[in-house]
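[1] task: produce atomic coordinates for the following.
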Amino acid sequence: MSPANINILAIESSCDETSAAVIRDGKVLSNHIATQKVHERYGGVVPELASRAHMQNILPVVDAAIKDAGMGNDDITAVAFTQSPGLIGSLLVGACFAKSFAQAMNLPLIAVHHMQAHVLAHFIEDSPEFPFLCLTVSGGHTQIVLCRSHLDMEVLGETIDDAAGEAFDKVAKMLGLQYPGGPLVDKYAALGDPLRFKFPMSEMKEYTFSFSGIKTSVLYFLQAQKKLDPDFVEKNLNDICASVQYTIINMLMAKLRKAARDLGIRQVGIAGGVSANSGLRKALKDAGEQYGWKVYIPRFEYCTDNAAMIGITGYYKYLKGALADMSVTPSARATWQ
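    Numbering: from 1, shown residues only. Modelled structure (predicted):
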């Protein structure tokens, strides 16, 4: 197949979304996502149930992605899959399917790091100039990444405990909101006063984050207030959500501003599931106007876990010849690649 017709079949199965996409020459032709609703009743992802759902979903999702791209199996150039990090059972389903497909069709295999893919999601529809900074924020990770090229990235700083997305979800649980709670916090925050309640911001060195403190602070605050008024949360839900979101976003933006200032970089983006948060997106746009940044924000569908970002990463790795062999195994906590 000529270099002008590189068709990457991509598979993402790191947590609770089964996704498949087809990327031709860096352009998304299809991107299917099967979301697992079974976890809602438990207030969080149950790993064993996630693995079972991936096994049920992966074949129809891949089939739909290939057909919607107007292709057949013979048209695929290479297979990319999420190798790490994530839930090991979920990763195994995607990895085994990808390896089987590649072996059956005699195709190259490309192993992708999930967080690298979140960063490269910017290149699905845009072309940030290098070097650029990316704040990757999800349920499991919070990082500031310096991107020198598509495959040359450095993590400048990350959370030492909870991720920002995890903090949003756990605060939502304290407030009695359904899982996943992060989007609901964002929804109610838009209706509230962000300055109504004060919560402490962690003070960490350099570009390091910590979000365990705000969870504890909110927990103690709610316990104290509900002793005085059992209906406190119901009466003040919008303001609580707005105040919590305001605090978390301020912590994120403070570190991002510092990194941009220290490195003299004006190309700045956000990625990961929490980059879908309306408050964070607005904060980045406002900072761009204030500091003269060129701001990059992926579309909502490319913020959450999806195979299109795995495919775009696989595309750039294919161009560089960064292929994997059949002995590759998934890893729940692999180092940055």
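
[2] alpha carbons only: can I get the helix or strand containing Leu91 in PDB?
    Counting by DSSP states H and E, the secondary-structure element that holds Leu91 is helix 88-105. Output in PDB follows, covering the C-alpha atoms of helix 88-105 (Å, rounded to 0.1, in the frame of the first residue of the first chain):
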ATOM      1  CA  ILE A  88      -5.500  -4.700  33.200                       C
ATOM      2  CA  GLY A  89      -8.500  -6.900  32.400                       C
ATOM      3  CA  SER A  90      -9.900  -4.200  30.100                       C
ATOM      4  CA  LEU A  91      -6.500  -3.700  28.400                       C
ATOM      5  CA  LEU A  92      -6.100  -7.500  27.900                       C
ATOM      6  CA  VAL A  93      -9.400  -7.700  25.900                       C
ATOM      7  CA  GLY A  94      -8.300  -4.900  23.500                       C
ATOM      8  CA  ALA A  95      -4.700  -6.200  23.200                       C
ATOM      9  CA  CYS A  96      -5.700  -9.800  22.500                       C
ATOM     10  CA  PHE A  97      -8.200  -8.700  19.900                       C
ATOM     11  CA  ALA A  98      -5.700  -6.400  18.200                       C
ATOM     12  CA  LYS A  99      -3.000  -9.000  18.200                       C
ATOM     13  CA  SER A 100      -5.300 -11.600  16.800                       C
ATOM     14  CA  PHE A 101      -6.600  -9.300  14.100                       C
ATOM     15  CA  ALA A 102      -3.000  -8.300  13.100                       C
ATOM     16  CA  GLN A 103      -1.800 -11.900  13.100                       C
ATOM     17  CA  ALA A 104      -4.700 -13.100  11.100                       C
ATOM     18  CA  MET A 105      -4.300 -10.400   8.500                       C
END
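
[3] other SSEs contacting the very next helix or strand once past that helix?
    From helix 88-105 onward toward the C-terminus, using DSSP H and E, the following helix or strand is strand 109-113. The contact analysis (3 or more CB pairs under 8 Å, 6 or more residues apart in numbering; DSSP states H and E) places strand 109-113 against strand 78-84, helix 88-105, helix 307-319. C-beta here means a position set from N, CA and C on the backbone, and glycine is covered the same way.

[4] I'd like the next helix or strand past strand 109-113.
    Note on strand 109-113: by DSSP H and E, the next helix or strand toward the C-terminus is helix 114-120.

[5] isn't Trp305 right next to Thr18, touching?
    If you look again at residue 305, you'll see it is Asp, not Trp. No - using CB atoms under 8 Å, Asp305 is not in contact with Thr18; the gap is 9.6 Å.

[6] more neighbours, these two?
    A side-by-side neighbour count of Asp305 and Thr18, using other CB atoms under 10 Å, places Thr18 first with 30 against 26.

[7] closest to Arg148 out of the helices and strands packed on strand 109-113?
    The minimum distance between Arg148 and the helices and strands packed on strand 109-113 falls on helix 307-319, with 13.2 Å, by CB to CB.

[8] helices or strands up against the closest one?
    With contacts defined as 3+ CB pairs under 8 Å, 6+ apart, the secondary structure elements packing on helix 307-319 are strand 7-12, strand 17-24, strand 27-35, strand 78-84, strand 109-113, helix 114-120.

[9] in that helix, what's buried?
    For helix 307-319, a neighbour-count test (16 or more other CB atoms under 10 Å) marks 307-318 as buried.

[10] and what of stretch 217-233?
    Residues 217-218, 221-222, 225, 232-233 are the ones in stretch 217-233 that count as buried (16+ other CB under 10 Å).

[11] how about stretch 45-56?
    Counting neighbours by 16+ other CB under 10 Å, one finds that the buried residues in stretch 45-56 are 45-46, 50-55.

[12] repeat for stretch 283-303
    Quick answer for stretch 283-303 (16+ other CB under 10 Å): 283-284, 287-288, 293, 295-298, 302-303.

[13] ok, and what's touching that stretch?
    The list of residues contacting stretch 283-303 from outside it, by CB atoms under 8 Å, 6 or more residues apart in numbering, reads 31, 33, 121-122, 124-126, 128-129, 132, 135, 249, 252-253, 256-257, 260, 266-273, 275-276, 281, 308-309.

[14] joint contacts of Asp305 and Thr18?
    Contact criterion CB under 8 Å, 6+ apart; residues shared by Asp305 and Thr18: 12, 33.

[15] if I look at Phe81, how far off is Ala308?
    Distance of Phe81 to Ala308, given as CB to CB, to the nearest Å: 13 Å.

[16] any residues in contact with both of these two?
    Common neighbours of Phe81 and Ala308 (criterion: CB under 8 Å, 6+ apart): Ala10.

[17] pick out the residue nearest the middle of the protein.
    Gly272 (2.6 Å; CA atoms, centre = their mean).

[18] so it sits against Phe168, correct?
    No - applying CB under 8 Å, one finds Gly272 not in contact with Phe168, separated by 12.0 Å.

[19] mind giving me the domain split of the protein?
    According to automatic domain parsing, the chain is divided into the following domains: 7-119+302-319, 128-297.

[20] ok, how many other residues are close to the nearest residue to Asp25 once chain neighbours are set aside?
    Leaving aside its chain neighbours, Asp25 sits nearest to Ile6 (5.6 Å; criterion: CB to CB, 6 or more residues apart in numbering). Ile6: 18 surrounding residues under other CB under 10 Å.
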